[in-house]
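Undergrad: what's the 3D shape of this:
(2 chains)
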Protein chains: 2
Amino acid sequence: MVPGAEKGERESGAGSMRVIEITRPGGPEVLRLAERPLPEPGRGELRVRVTVSGVNRADLLQRRGRYPAPPGVPPDVPGLEFSGEVDRVGEGCRLRSVGERVMGILGGGGYSESVLLPEREAIRVPEKLSLEEAGAIPEVFLTAWDALFLQAGLQAGETVLIHAVGSGVGTAALQLARAAGAITVGTSRTRAKVDRALSMGLDHGLTIDEGASWAEPVHDLLSGRGVDVILDLVGAAYLEDNQAVLSERARWVVVGVPGGGKGTLDLRRMMVKRASLRGTVLRARPPEEKATLAREFERVVIPLFASARLHPVVDRILPATKAAEAHRRMEANRSFGKLLLSWRESESHES
Amino acid sequence: MVPGAEKGERESGAGSMRVIEITRPGGPEVLRLAERPLPEPGRGELRVRVTVSGVNRADLLQRRGRYPAPPGVPPDVPGLEFSGEVDRVGEGCRLRSVGERVMGILGGGGYSESVLLPEREAIRVPEKLSLEEAGAIPEVFLTAWDALFLQAGLQAGETVLIHAVGSGVGTAALQLARAAGAITVGTSRTRAKVDRALSMGLDHGLTIDEGASWAEPVHDLLSGRGVDVILDLVGAAYLEDNQAVLSERARWVVVGVPGGGKGTLDLRRMMVKRASLRGTVLRARPPEEKATLAREFERVVIPLFASARLHPVVDRILPATKAAEAHRRMEANRSFGKLLLSWRESESHES
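TA: This is a model prediction of the structure:
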């Protein structure tokens, strides 16, 4: 339990809210429960009473002081996403009203009992989902959907390689790619994660030993066919093999680089394959782009949740006061799907 | 003069044509004039009596045995482009007729007095251009136009960095980018080439000393603004500086790698900038793509030649029998614009 939790487990006072703050750069132990003034929504903004805050790898980097928050968000409160209920609307809001269930991504400050965001960036939670389930959606499904479809233009019948298929983005990508008719290959360094992904409908799974080359097994799994789209959640460690499996006109989207940021690229091979490599990130996007993304996501992806073709994958829901434990679990690569922090009192589930 | 030239300078006999062939992998001296049977056009094909054959860097690589011709073209006759007159049409042709002036790209075999190609891949030569001038168009303008607009989506008001701005593709890209309202920065290792490019309308020119870093001068020339589109005709030698000048959402198109094929890419930087790198090549494309490209080029680029907003840039026209001399000139980086080989008797111009 993080320091300050005892006090924090009491309901926060009127005019104030609880947050998890980074007291100094360091390990999970630097996270602490604190109180902050409850913010007022500005023009076009919503204030949302948060049900759950999602945990992302970026939060771990930020906690270590290696991923500074962008301007305009609290520098010492991690958290890129939330689900909850609108509890106040700013002037000029037209789309949402008090009591509506919404979710969304944030530039930061998401480990918080209340958050503000522009109403056009909030995404409706479909009726059949609980707010806890919805909390497992925004960051990973937006990232995977944007990368696979808006950036890479993945089409039915194409092959897609999803690294870290047991991660939050990985499990989201797997479901989205399947829903859209693509042929999926997923990798993980943990056999149990590959097995779970296979049970979720992954077409071809591969457990990769640390340092081992995997290009040939992937070619074999695809009967010699190359990979049309790579969703790269690893980076440098897989750079060479990624190049070896590119099909003609392949699109390779780099979404995260926990396996290292720099490596050797063979430009001639990129030419011969007429392949593209594209880096992408949601956090740093300007508000108008985030709003466009949220509106389009609500239009075409939310219906797939409503019709149960997509499912949020929840690893665990821990009380927000146990943020440090959630960070430790993610750092140890033990989670499958999303780790969530709950602001409802004394709540804790395991999937 | 290449061996066999004496005989070759006589008009080739009926039923035969002259070609320049690669007798074995090696230097310019391995090129030789030879006779081959005159081919008959198949269904949907044209036979063109060639006026000039363009010389490209790929021809030099092929001559050295380092760029094998794709299947279906003569392996020992270099040449990727031509201009000339249709002298025979195959069955089922609807677009072209005998006597029409056309130009186009080929998978190989372009150093030849006659070539065959599908009629939908042939491009009309606008009236105001001579066939010699037209010979300087296909490969470099198609490559530059495809890379800048179809691949990179260059828009008016954007900044574009053109490496090797004095090369055939470089001078074509400069004109196309200017015609479309982009802000152009061009580099060369030769001051005289930068000066000529500036006189053609290049906005900002930079002479780069071998091994010197150029990212800071480019930023200065653009008053701190980054580069929206990079047309990379160099490769590994400029990889690091190219990464340093990327603007947000920059598109980097790799078209040639004479400066080396492999180098270190910073994936994290590609993410932060949300930048893309794309390799491209015309030669290996399937016929339907080449036809689509040719038809679209005729529709939107040829009118810019007809209205004199674009101009072919001819370095020299040498008799085809002097192919070795043309190769030596290109290898020494002495050319500015296109080197052409003429099949009209005893013809030789300098621009």
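
Undergrad: For chain A, what lies in contact range of chain B?
TA: For chain A, the contact set with chain B under C-beta under 8 Å from any C-beta of the partner chain comprises A:232, A:235-236, A:239, A:254-257, A:261-281, A:284-285. For the C-beta atoms, the positions are set from N, CA and C on the backbone; glycine is no exception.

Undergrad: at 7 Å instead, please
TA: A:235-236, A:254, A:257, A:261-268, A:270-281, A:284 (C-beta under 7 Å from any C-beta of the partner chain).

Undergrad: Give me the buried entries from the residues you listed.
TA: With burial judged by 16 or more other C-beta atoms under 10 Å in any protein chain shown, the buried subset of the residues of chain A next to chain B is A:235-236, A:254, A:257, A:261, A:263, A:265-268, A:270-281.

Undergrad: How much space separates A:Thr280 from B:Val48?
TA: Noted for A:Thr280: a distance of 45 Å to B:Val48, by C-beta to C-beta, to the nearest Å.

Undergrad: A:Gly15 too?
TA: For A:Gly15 relative to B:Val48 (C-beta to C-beta), the value is 82 Å.

Undergrad: again with A:Ile22
TA: Distance of A:Ile22 to B:Val48, given as C-beta to C-beta: 70 Å.

Undergrad: and what of A:Leu174?
TA: Counting by C-beta to C-beta - A:Leu174 and B:Val48 are separated by 52 Å.

Undergrad: which one of A:Gly15 and B:Val48 has more residues nearby?
TA: More neighbours surround B:Val48 than the other of A:Gly15 and B:Val48, with 28 against 8 (other C-beta atoms under 10 Å in any protein chain shown).

Undergrad: Now do the contacts for A:His327.
TA: Applying C-beta atoms under 7 Å, 6 or more residues apart in numbering or on different chains, one finds that A:His327 lies in contact with A:28, A:31, A:55, A:60, A:63.

Undergrad: same thing but 6 Å
TA: Shown in contact with A:His327 (C-beta atoms under 6 Å, 6 or more residues apart in numbering or on different chains): A:28, A:60.

Undergrad: which SS state does it fall under?
TA: helix (DSSP: H, G, I helix; E, B strand; the rest coil).

Undergrad: now A:Arg251
TA: Quick answer, by three-state DSSP: A:Arg251 is strand.

Undergrad: count of residues packed around it?
TA: Neighbours around A:Arg251, by other C-beta under 10 Å: 25.

Undergrad: my guess is it contacts A:Arg278, does it?
TA: No - using C-beta atoms under 6 Å, A:Arg251 makes no contact with A:Arg278, being 7.1 Å away.

Undergrad: Output stretch A:88-105 as CSV, nothing but the C-alphas.
TA: This file holds the C-alpha atoms of stretch A:88-105, laid out as CSV (Å, rounded to 0.1, in the frame of the first residue of the first chain):
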residue,chain,number,x,y,z
ARG,A,88,-19.7,18.6,-14.3
VAL,A,89,-19.8,20.1,-17.8
GLY,A,90,-18.1,23.4,-18.8
GLU,A,91,-19.7,26.2,-20.7
GLY,A,92,-20.4,25.5,-24.3
CYS,A,93,-20.6,21.7,-24.0
ARG,A,94,-23.1,20.2,-26.5
LEU,A,95,-22.2,16.5,-26.7
ARG,A,96,-22.2,15.2,-23.1
SER,A,97,-24.2,15.8,-20.0
VAL,A,98,-23.8,15.1,-16.2
GLY,A,99,-24.1,11.3,-15.4
GLU,A,100,-23.0,10.1,-18.8
ARG,A,101,-20.5,7.2,-18.8
VAL,A,102,-17.4,8.0,-20.8
MET,A,103,-13.8,7.0,-21.2
GLY,A,104,-10.8,8.6,-22.9
ILE,A,105,-7.1,9.2,-23.2
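
Undergrad: pLDDT (mean, whole number) over it?
TA: For stretch A:88-105, the mean per-residue pLDDT is 97.

Undergrad: Buried residues, the helix or strand harbouring A:Asp220. List them.
TA: Per DSSP states H and E, A:Asp220 falls inside helix A:215-221. The neighbour-count check on helix A:215-221 (16+ other C-beta under 10 Å) flags A:215, A:217-218, A:221 as buried.

Undergrad: I'd like the next helix or strand past that helix.
TA: Using DSSP H and E, the next helix or strand after helix A:215-221 towards the C-terminus is strand A:227-232.

Undergrad: List the residues that contact A:Ala173.
TA: Counting by C-beta under 6 Å, 6+ apart, A:Ala173 makes contact with A:144, A:162, A:231.

Undergrad: quick one: strands adjacent to the helix or strand A:Leu46 falls within?
TA: Per DSSP H and E, A:Leu46 falls inside strand A:45-54. Using DSSP bridges, the strands paired with strand A:45-54 are strand A:81-89 (antiparallel), strand A:114-118 (antiparallel), strand A:338-342 (antiparallel).

Undergrad: Among those strands, which comes closest to B:Thr184?
TA: With C-beta to C-beta as the measure, strand A:114-118 is the member of the strands paired with strand A:45-54 nearest B:Thr184 (37.5 Å).

Undergrad: quick one: low-confidence parts of chain A?
TA: In the predicted model of chain A, residues A:1-13, A:345-351 satisfy pLDDT under 70.

Undergrad: just so I have it, where are all the helices in it?
TA: A:5-8, A:57-63, A:131-134, A:138-145, A:168-179, A:191-199, A:215-221, A:239-244, A:267-272, A:287-300, A:302-306, A:323-331 (DSSP state H).

Undergrad: Buried ones in the second one, by neighbour count?
TA: Translated: helix A:57-63. A:57-60, A:62-63.

Undergrad: Point to the residue nearest the middle of chain A.
TA: Nearest to the geometric centre of chain A sits A:Val140, at 2.9 Å (C-alpha atoms, centre = their mean).

Undergrad: in the stretch 51-200 of chain A, what residue is nearest chain B?
TA: Nearest to chain B, among the residues of the stretch 51-200 of chain A, is A:Gln151, at 8.4 Å (C-beta to the nearest C-beta).

Undergrad: Show me the domain layout of chain A.
TA: Taking automatic domain parsing as the reference, chain A has its domains at A:5-137+A:283-350, A:140-279.

Undergrad: With distance to B:Arg309 as added columns, please give the ones you listed in CSV.
TA: Shown next, in CSV, are the domains of chain A (distance: least, C-beta to C-beta, whole Å):
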stretch, distance to B:Arg309
domain A:5-137+A:283-350, 34
domain A:140-279, 29
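
Undergrad: Tell me which of those domains is the most buried.
TA: Sort the domains of chain A by mean neighbour count, taking mean count of other C-beta atoms under 10 Å in any protein chain shown, and domain A:140-279 sits at the top with a mean of 21.

Undergrad: measure that domain end to end?
TA: Its first and final residues considered, domain A:140-279 spans 16 Å by C-alpha to C-alpha, to the nearest Å.

Undergrad: what's the closest non-adjacent residue to A:Leu117?
TA: A:Gly104 (5.5 Å; C-beta to C-beta, 6 or more residues apart in numbering or on different chains).

Undergrad: what about A:Val227, distance to A:Leu277?
TA: A:Val227 sits 13 Å away from A:Leu277, going by C-beta to C-beta.

Undergrad: Then A:Asp241?
TA: Distance of A:Asp241 to A:Leu277, computed by C-beta to C-beta: 14 Å.

Undergrad: repeat for A:Gly44
TA: A:Gly44 sits 36 Å away from A:Leu277, going by C-beta to C-beta.

Undergrad: From one end of stretch A:51-64 to the other, what's the distance?
TA: End to end - C-alpha to C-alpha - stretch A:51-64 spans 26 Å.

Undergrad: Please work out which residues outside that stretch touch it.
TA: The contact list for stretch A:51-64, computed with C-beta under 6 Å, 6+ apart, reads A:22, A:25, A:67, A:78-84, A:110-111, A:131-132, A:135, A:139, A:326-327, A:338-342.

Undergrad: and that stretch, how far out from the chain's middle?
TA: Relative to its chain's centre, stretch A:51-64 lies at 10 Å (C-alpha atoms, centre = their mean, to the nearest Å).

Undergrad: now do stretch A:98-107
TA: Computed by C-alpha atoms, centre = their mean, the chain-centroid distance of stretch A:98-107 equals 15 Å.
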